[in-house]
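Q: Model the following, please.
(chains A and B)
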Amino acid sequence: MKKIVAKEEYCMGCRLCEVYCATKNSKSKDIIKTFKSEAGKLLSAIFVEEKEHITFAIQCRHCEDAPCVYSCLTGAMYKTDKGVVLHNKEKCVGCWMCIMVCPFGVIKPDLNIKKIASKCDLCLDKEVPACVENCPNEALVIINK
Amino acid sequence: MAKSKYKTDFRVIRDQEKCIKCQACVRMCSNDVHYYDPETDSIILQEEKCVGCHFCEDLCPTGAITVKREIPEIKFNQHWDSKDVYNIIKQAETGGVLLTGMGSDKKFKEYFDHIVLNASQVTNPSIDPLREPMELRTFIGRKPDNINDELPPQLVLETPIMFTAMSYGSISLNAQKSLAKAAFEFGTMWNTGEGGLHQELLPYAKNVIVQVASGRFGVDIDYLENAAAVEIKIGQGAKPGIGGHLPGEKVDQEISKTRRIPIGTDALSPAPHHDIYSIEDLKQLIFAIKEATRYKKPVGVKIAAVHNVAPIASGIVRAGADFVVIDGIRGGTGAAPTVIRDNVGIPIELAVAVVDQRLREEGIRNQASLIASGGFRSSADVIKAIALGADAVYIGTAALISLGCHLCQKCYTGKCNWGIATQDPYLTKRLNPEIGAKRSYNLLRAWSLEIKEMLGGMGINAIESLRGNREQLRGVGLTEIELKLLGIKHAGEAW
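A: Presented below is the predicted three-dimensional model:
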């Protein structure tokens, strides 16, 4: 399974990972269109935490023992054989229990349609996730475990 | 009028069609040019603060930002430049010395641009470096007078290009680490500058030339013993005759440990070495260092190119230096008075040519290697300097450009957006030494390949055969005296 690792010492806090993640998760996949017409930032599944000069990006850890999967009452949140935690929008009823139990706070609600707006899927359709590919300082790297 | 409004040098253009208000520019500009106003949900510009480092332009994910030069206009005047006028206004307001960074940007004759290289045609074959071996290996150090004598200690370089002295303090540790790693991997040298050798850089010590300058910062026996060679710095091209001053606010714990000075104190390097007032005094220091390192390492001396450079270099060689570094007027700096940087010293092309000539005439050229530095912009400049008589060159500005520098010349403010000339923890982390090392390594590789191509064209298969080979050079548009000093013929003259 691939894992996205944040190198805190080189994260400069530009938050471009959020921009590119949102674009990747948008319908149009066009950066300007995503932010000008769609719900923009809401779609990002990566978040930059900052305190003073210390910044790093965090996204779903794909926990081995994922509390969001346990707490999901419809089975919308599930774990693949390879250990990737994914979310099925069809099944989601918007109870937001996963948000309550997520120890890292990396699941975001969509207030309009009462569902889960974004959650890192490790860009399984791409070889390199959008955030890693576009980090200008290579502070996000991918490791294969 | 008592006060004038500060004029902008740059116009920052934001294409609103493209701007997605991600605020990367707002977060990243250390000069606070971009500012987000939540009330109007717009990004406001304070262009007068822009230094033209182009960081925001490079970072903007949609390419919405363009930074354009906009020199404040005055009535057209052949004598008074807009820069002169606004410099006076600045000084009238502050009463201070104008500071600047990097090498001189003043319009001097670029001798390198007036020199052209030779190539083989018919009468001698050119060499294809992709098919045949091409030797760039360079040895720096004293060569024996007789071939049977024992060879004094030498530095072995895989390319005649080294990274010049830039201290930890003037540049960030990440910048130094990038260069150190690149030099280590390529097999050339990097230089500590006058800032000591940081603990984390010890793995790259096999390829370091350590500097002993007038402030003697960080100098102790371990420093000397860890190094591959020692360089005594007398002067630098950007500010000949001027000392250094690292402001106390930059001296944090790490720098304090490396320089061996208390945290927060100014690091002052005096203008002269207070124990060197003559060639004889210099000889004492050279031999004190040689004695301390058991004659196992080359010891060199770095001077700025000044009017008397040839006799001074001769004195330095006679004082026992194993290599002499000449830094020309285009040499860079982290901070220098503008007036000094732009007006003191002589161009490196002339300095190298006259020093090489003088040492040959005196029969002591073999006793020391000659390293040229100061404003090398391309591999062509490097190869021309070598043909003029240099053994190797130092690059500083070019190396920093490979790390991201856009020559905004604001190194002295400590706000370098590229994370190079700063110690601010918000900014230094922007330079990932992994990327930096890769990029500066690529620069060395690219220039070395180009040098091989040019050598091949001349029908030469080793850089040794080009060294001081001025027949390979011709001047274009140079006067008689310039040609004489450079020791080259004018284009059109055959051998």
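
Q: Skipping adjacent residues, who's closest to B:A385 in space?
A: The shortest distance from B:A385 to any non-neighbouring residue, by Cβ to Cβ, 6 or more residues apart in numbering or on different chains, is to B:A372 (4.5 Å). In this view, the C-beta of every residue, glycine as well, is placed from N, C-alpha and C.

Q: again, but for B:L155
A: Per Cβ to Cβ, 6+ apart, closest to B:L155 is B:I140, 4.1 Å.

Q: That neighbour against B:P152, yeah?
A: No. Using Cβ atoms under 8 Å, B:I140 is not in contact with B:P152, being 11.0 Å away.

Q: Neighbour count: those two, which is higher?
A: Using other Cβ atoms under 10 Å in any protein chain shown as the criterion, B:I140 and B:P152 rank with B:I140 on top: 25 against 14.

Q: Tell me which residues touch that one, please.
A: If you count contacts by Cβ atoms under 8 Å, 6 or more residues apart in numbering or on different chains, B:I140 has them with B:154-155, B:157, B:189, B:229, B:298, B:300, B:322-323, B:369, B:371, B:391-392.

Q: next one: the strand or helix carrying the residue nearest to B:A385 to chain centre, how far?
A: Following DSSP states H and E, the helix or strand that holds B:A372 is strand B:369-373. How far strand B:369-373 lies from its chain's middle: 12 Å, per Cα atoms, centre = their mean, to the nearest Å.

Q: tell me what it is packed against?
A: strand B:138-140, strand B:323-327, helix B:348-361, strand B:392-395 (3 or more Cβ pairs under 8 Å, 6 or more residues apart in numbering or on different chains; DSSP states H and E).

Q: C-alpha coordinates for it, PDB please?
A: The C-alpha coordinates for strand B:369-373 follow below in PDB (Å, rounded to 0.1, in the frame of the first residue of the first chain):
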ATOM      1  CA  SER B 369      47.200  27.000  -8.800                       C
ATOM      2  CA  LEU B 370      45.200  30.000  -9.900                       C
ATOM      3  CA  ILE B 371      41.400  30.000  -9.200                       C
ATOM      4  CA  ALA B 372      39.300  32.700 -10.800                       C
ATOM      5  CA  SER B 373      35.900  33.800  -9.400                       C
END
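
Q: Next secondary structure element downstream of that strand?
A: Past strand B:369-373, the next helix or strand by DSSP H and E is helix B:379-388.

Q: picking that back up, what is in contact with B:I140 and B:P152 at once?
A: With Cβ under 8 Å, 6+ apart, B:I140 and B:P152 have common neighbours B:298, B:322.

Q: that older thread, ok, now how distant is the residue nearest to B:L155 from chain A?
A: 34 Å (Cβ to the nearest Cβ, to the nearest Å).

Q: Also B:L370?
A: 39 Å.

Q: picking up where we left off before, just name the most buried of the helices and strands packed on strand B:369-373.
A: strand B:323-327 (a mean of 30; mean count of other Cβ atoms under 10 Å in any protein chain shown).

Q: what's the angle from that one to helix B:379-388?
A: 130 degrees (axes from the mean of the first three to the mean of the last three Cα atoms, to 10 degrees).

Q: For the following helix or strand past strand B:323-327, name the packing helices and strands.
A: Counting by DSSP H and E, the next helix or strand C-terminal to strand B:323-327 is strand B:336-337. Counting contacts by 3+ Cβ pairs under 8 Å, 6+ apart, strand B:336-337 packs against strand B:99-100.

Q: Assumed A:C92 was part of a strand.
A: No. Looking at A:C92 with DSSP: H, G, I helix; E, B strand; the rest coil, it is coil, so not inside a strand.

Q: so it sits right up against A:Y78, yeah?
A: No. A:C92 is beyond contact range of A:Y78, at 11.2 Å (criterion: Cβ under 8 Å).

Q: more crowded one of those two?
A: Higher neighbour count among A:C92 and A:Y78: A:C92, with 20 against 15, using other Cβ under 10 Å.

Q: circling back to that earlier point, partner strands of the strand holding B:A372 and their direction?
A: strand B:323-327 (parallel), strand B:392-395 (parallel) (DSSP bridges).

Q: any idea of the mean pLDDT for that strand?
A: What strand B:369-373 shows for mean pLDDT is 98.

Q: by how many degrees do it and helix B:348-361 diverge?
A: 170 degrees.

Q: Which pLDDT value belongs to the closest residue to B:K21 other than its chain neighbours?
A: Of all residues not flanking B:K21 in the chain, B:I43 sits nearest, at 6.4 Å (Cβ to Cβ, 6+ apart). As predicted, B:I43 sits at a pLDDT of 94.

Q: Now do B:I43 against B:V344, distance only.
A: 43 Å (Cβ to Cβ, to the nearest Å).

Q: next one: B:H307
A: From B:H307 to B:V344 the distance is 10 Å (Cβ to Cβ).

Q: So for the two, which residue has more residues nearby?
A: Neighbours per residue, other Cβ under 10 Å: of B:H307 and B:V344, the larger number sits with B:V344, 21 against 10.

Q: in what helix or strand does the closest residue to that one other than its chain neighbours lie?
A: Leaving aside its sequence neighbours, B:V344 sits nearest to B:P240 (Cβ to Cβ, 6+ apart; 5.1 Å). For B:P240, there is no enclosing helix or strand under DSSP H and E.

Q: Neighbours of whatever residue of chain A ends up closest to chain B, how many?
A: At 3.5 Å from chain B, A:F35 is the closest residue in chain A, using Cβ to the nearest Cβ. Per other Cβ under 10 Å, the neighbour tally for A:F35 reads 22.

Q: ok, now which ones touch B:T164?
A: So B:T164 contacts B:191, B:373, B:394-396, B:399 (Cβ under 8 Å, 6+ apart).

Q: run the last query once more with 10 Å
A: Contacts for B:T164 (Cβ atoms under 10 Å, 6 or more residues apart in numbering or on different chains) come out as B:179, B:189-191, B:193, B:209, B:236-237, B:302, B:325, B:327, B:331-332, B:371, B:373-374, B:376, B:393-400.

Q: before we move on, what about B:S178?
A: B:163, B:171-172, B:190, B:399-400, B:402-404, B:420, B:431-441.

Q: what secondary structure does it sit in?
A: helix.

Q: Could you tell me how far the residue nearest to it when sequence neighbours are not counted is located from chain A?
A: Leaving aside its sequence neighbours, B:S178 sits nearest to B:G436 (Cβ to Cβ, 6+ apart; 2.7 Å). The gap separating B:G436 from chain A is 10 Å, by Cβ to the nearest Cβ.

Q: Confirm B:G436 sits in a strand?
A: No. Counting by three-state DSSP, B:G436 is not found in a strand; it is helix.

Q: pretty sure it is touching B:A183, no?
A: No. Between B:G436 and B:A183 there is no contact, the gap being 11.9 Å when judged by Cβ atoms under 10 Å.

Q: Common neighbours of the two, please.
A: With Cβ under 10 Å, 6+ apart as the test, B:G436 and B:A183 both reach B:A399.
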